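Engineer: What follows is a predicted protein model with its sequence.
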Amino acid sequence: RTIRAAQPGARVTLQPVGRAAKGVDLYRVYGALDVVCSPTGGGGIPTGHFLRAVADGKPIVDGETYIGTTEASVRNALLTQFQRGFNASYTFKWCRRPRDWARDGDAAQEAPLARKLSAYYFLNPYLVPTEALRGFRLAKRDAMDVGAFFQPRDRGTPREVAVLYSRATERLDLVRHTTFLRQFETAVEELEFAHLNPDVIFEEQLRDDPARLGRYKLLVAAGVEAVIPTTSAAVRAWQAKGGRLVLVGASRMAKDEYGEPNGETYPGADVVETKGLSATEIGRRLAALAAEAGGRPTCATEGALRI
């Protein structure tokens, strides 16, 4: 409120410390802000899905994009964030310090000083060749060339699979060290590699928009042990209309946010036990269940593009 009062029209955000944010409820925080900011470096595939779910149409930025020291690394860093739905990538880092090594062009004095500085100072030509900065131009060229294929947008093909993100289980994980975050990441990654392009959906979104779950044919709850009070009824109502629920690993959604039994069950839910299974095997089972539920890949390409 203070920033908006001082600068009307300003868009406000903050940079979280990791996706779980050490107990900070990013869903609530970004609900009050104008822009969603990624953790340092943008994160991986699951973080991209998580941020798009939190943003729900708001711009996504990375305030600390690491671009490496070569033309290829600059290009790849920017294209990766473009493909994951980021709207802006602020490269790390522009600042005065790259000139701390300057000694009137005397390379014999400059080079040893320059090499002691971090390569994050990408304006330092002794660590990042000037030619490497062509990666910015190449990223723009390639984004314009292939954006129609890789930019996240509505392609007219409905997303029919969702992965549940539970803040209740995330909070429980802080004290009981559950497998939730690891299993969530596996489910999101493997569904993407199967070209099912899942949405991440928050329990709070089910609470605030009961019709939202109706968009999907399959809901994957991976490692979700605890749920908020409104989730169970919403999921069962969706099941009654033909939705298919998959409980993965430790997920039974049978505890409240304090870790106590909530007495809830989900008749008809599929269960995928993960003990002894690789991530790829878990992914195949999820893809098979999605196919049984009528979920269709968003593209017909065999294999996977792992970006």
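Structural biologist: Alright, I've got the coordinates. Everything numeric here is computed off the predicted structure, so don't read it as measured data. Numbers count the residues shown, from 1 in each chain.

Engineer: so where do the helices sit in this protein?
Structural biologist: 2-6, 26-31, 45-55, 71-83, 107-114, 134-150, 167-176, 180-193, 203-208, 231-240, 279-292 (DSSP state H).

Engineer: By mean pLDDT, which helix or strand of the chain comes out lowest?
Structural biologist: One helix or strand of the chain scores below all others by mean pLDDT, DSSP states H and E: helix 107-114, with a mean of 80.

Engineer: still on that earlier bit, out of the helices of the chain, nearest to C95?
Structural biologist: Nearest to C95 among the helices of the chain is helix 107-114 (14.5 Å), distances taken as CB to CB. In short, each C-beta sits where N, CA and C put it, glycine included.

Engineer: Give the buried residues for that closest one.
Structural biologist: E110, A114 (16 or more other CB atoms under 10 Å).

Engineer: can you list contacts of that helix?
Structural biologist: Identification of contacts with helix 107-114 by CB atoms under 8 Å, 6 or more residues apart in numbering yields D100, W101, A102, R103, N124, P125, Y126, L127.

Engineer: can you rerun that using 10 Å?
Structural biologist: Residues outside helix 107-114 that contact it (CB atoms under 10 Å, 6 or more residues apart in numbering) are P98, R99, D100, W101, A102, R103, D104, Y121, N124, P125, Y126, L127.

Engineer: Out of the helices of the chain, which is the most enclosed?
Structural biologist: Ranked by mean neighbour count, these are led by helix 180-193 with a mean of 23 (mean count of other CB atoms under 10 Å).

Engineer: Return the closest of the contacts of helix 107-114 with respect to I228.
Structural biologist: So of these, ranked by how close each gets to I228 (CB to CB), first place is Y121, at 45.3 Å.

Engineer: so who does the closest residue to T274 other than its chain neighbours touch?
Structural biologist: What sits nearest to T274 in space, not counting adjacent residues and going by CB to CB, 6 or more residues apart in numbering, is G249, at 4.1 Å. G249 makes contacts with 178-180, 182-184, 186-187, 221-225, 271-275, 277, 282, as judged by CB under 10 Å, 6+ apart.

Engineer: Same question for R19.
Structural biologist: R19 neighbours (CB under 10 Å, 6+ apart): 26, 38-39, 43-44, 46-47, 50-51, 54, 165, 170, 181, 184-185.

Engineer: switch the cut-off to 6 Å
Structural biologist: T47, F50 (CB atoms under 6 Å, 6 or more residues apart in numbering).

Engineer: do the same with the one 4 residues further on
Structural biologist: If you count contacts by CB under 6 Å, 6+ apart, G23 has them with L174.

Engineer: Got a quick PyMOL command for the buried subset of the contacts of helix 107-114?
Structural biologist: What follows is the PyMOL syntax selecting those of the contacts of helix 107-114 that are buried according to 16+ other CB under 10 Å:
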select buried, resi 98+101+121+124+125+126+127
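
Engineer: can you redo the contacts of helix 107-114 as CSV with distance to V74?
Structural biologist: CSV is the format used below for these (distance: CB to CB, whole Å):
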residue, distance to V74
P98, 16
R99, 21
D100, 22
W101, 21
A102, 23
R103, 27
D104, 29
Y121, 14
N124, 14
P125, 14
Y126, 17
L127, 13
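
Engineer: The contacts of helix 107-114 in strands, which ones?
Structural biologist: Applying DSSP state E to these, no entry is found in strands.

Engineer: quick one: which of the contacts of helix 107-114 is nearest E260?
Structural biologist: Taking CB to CB as the measure, E260 lies nearest Y121 of the contacts of helix 107-114, at 51.6 Å.

Engineer: coming back round to it: ok, which of the helices of the chain comes nearest G18?
Structural biologist: helix 45-55 (9.0 Å).

Engineer: CA-only coordinates of the closest one in CSV, if you can.
Structural biologist: Extracted as CSV, the C-alpha positions of helix 45-55 are listed here (Å, rounded to 0.1, in the frame of the first residue of the first chain):
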residue,chain,number,x,y,z
ILE,A,45,10.2,-27.5,-14.3
PRO,A,46,8.0,-28.0,-11.2
THR,A,47,8.7,-24.4,-10.1
GLY,A,48,7.6,-23.2,-13.5
HIS,A,49,4.3,-25.0,-13.1
PHE,A,50,3.9,-23.8,-9.5
LEU,A,51,4.5,-20.2,-10.5
ARG,A,52,2.0,-20.3,-13.3
ALA,A,53,-0.6,-21.7,-10.9
VAL,A,54,0.2,-19.0,-8.3
ALA,A,55,0.2,-16.2,-11.0
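
Engineer: What helices and strands are in contact with it?
Structural biologist: Here helix 45-55 touches helix 26-31, strand 36-37, helix 180-193, strand 199-202, going by 3 or more CB pairs under 6 Å, 6 or more residues apart in numbering; DSSP states H and E.
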